[in-house]
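[1] build the 3D model from these lines:
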Amino acid sequence: MRWEGFLVLILFFGGCTSQQQSVALLSGVSTEGAPICLTNPSGIPAIVQKFFATRDLTTEEGKIDYLIERVRSSDLIFFRNKVEYNGQAASEFLRWKMNRWKSRYHTKIDTAQDFISKIASGSKMSGQPYVIVLSNGSRHNLQSVLQNELNVLERCLRNYPSPKEEVQPKQEPVVGGAVSTAQKVGTSVGR
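    Next up, the predicted model:
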């Protein structure tokens with residue numbers, strides 16, 4: 001009986017001293033107040049332009065693919081339930097989880113905002129947020145970082161016409177009853 005009590009005390013005190021201190025999880029904002037992205041935000045317009053050349057980023061599906069691709073091509077470290085992943089593995093998991101929501105919960109992720117809030121927010125099993133570790137060692141909530149990425153993407157997209165805004169001929173009357181063909185460039189609605 002004495003040894004059991006002694007052993008319990010050793011395990012109790014030994015466990016208390018060996019626990020790691022948890023590192024503060026930041027919310028996607030630098031100490032200077034700037035939004036944190038997966039890469040330097042100044043280079044994102046070129047990335048958007050390259051992606052936009054092959055994929056329609058004006059659709060929600062395109063925006064989700066863009067966010068997953070940004071995770072995949074990142075050199076940063078990702079954590080899910082305290083397990084470390086590289087960008088490739090993290091992106092594969094996010095796509096798997098999105099497809100799992102569709103098959104298990106019969107819920108389609110329709111918008112990039114849904115993707116961020118439902119898929120990239122964290123583990124439904126443990127309740128822990130997904131974490132990204134920057135090169136300086138700071139740890140950020142992946143949901144916040146992807147929200148920053150989406151915000152930058154949407155600002156960049158204001159510079160690109162949507163497929164619906166292509167130039168189309170329009171018949172316009174000319175003085176004297178003659179008709180000429182003029183080019184009309186579509187306008188942005190709601191942007």
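[2] element containing the residue most central in space within the chain, please.
    When Cα atoms, centre = their mean is applied to the chain, the residue found nearest the centroid is Leu146 (2.9 Å). In the assignment (DSSP states H and E), Leu146 maps to helix 142-157.
[3] which strands and helices sit next to that helix?
    Helix 142-157 is packed against helix 44-52, helix 60-72, strand 131-133, with contacts defined by 3 or more Cβ pairs under 8 Å, 6 or more residues apart in numbering; DSSP states H and E. Heads up, the C-betas are built off the backbone N, CA and C, glycines and all.
[4] what's the lengthiest helix in the chain in contact with?
    Longest helix in the chain by number of residues (criterion: DSSP state H): helix 87-105. For helix 87-105, contacts defined as Cβ atoms under 8 Å, 6 or more residues apart in numbering pick out 64, 68-69, 71-76, 78, 80, 85, 107-109, 115, 118-120, 130.
[5] what's around Tyr85, how many residues?
    Neighbour count of Tyr85, defined by other Cβ atoms under 10 Å: 16.
[6] that one touches Ile77, doesn't it?
    Yes: contact status for Tyr85 versus Ile77: in contact at 7.5 Å, counting by Cβ atoms under 8 Å.
[7] for the helix holding Leu146, give the mean pLDDT please.
    Mean pLDDT, computed over helix 142-157, is 96.
[8] and the nearest residue to Asp56 once chain neighbours are set aside, how far from Tyr160?
    Using Cβ to Cβ, 6 or more residues apart in numbering and skipping the chain neighbours, the partner closest in space to Asp56 is Gly62 (4.8 Å). Computed as Cβ to Cβ, to the nearest Å, the Gly62 to Tyr160 distance reads 12 Å.
[9] between those two, which is the more surrounded one?
    Each of Gly62 and Tyr160 has its neighbours counted (other Cβ under 10 Å); Gly62 has more, 17 against 14.
[10] distance of the more buried one relative to Lys97?
    Distance of Gly62 to Lys97, computed by Cβ to Cβ: 19 Å.
[11] could I get the pLDDT score of Ser30?
    89.
[12] okay, now it: neighbour count?
    13.
[13] contact partners for it?
    Contacts of Ser30 by Cβ under 8 Å, 6+ apart are Ile36.
[14] ramachandran coordinates for it?
    For Ser30, the backbone dihedrals are phi -70, psi 170 (criterion: degrees, to the nearest 10).
[15] for Ile77, same thing?
    phi -100, psi 140.
[16] I'd say it and Val71 touch.
    No: the pair Ile77 and Val71 does not pass the contact test of Cβ under 8 Å, sitting 11.6 Å apart.
[17] of those two, give the one with the bigger neighbour count.
    Per other Cβ under 10 Å, whichever of Ile77 and Val71 has more neighbours is Val71, with 28 against 17.
[18] so how far is Ala24 from the more buried one?
    22 Å.
[19] next: Gln49.
    For Gln49 relative to Ala24 (Cβ to Cβ), the value is 36 Å.
[20] what does Gly122 give?
    Gly122 is 16 Å from Ala24, by Cβ to Cβ.
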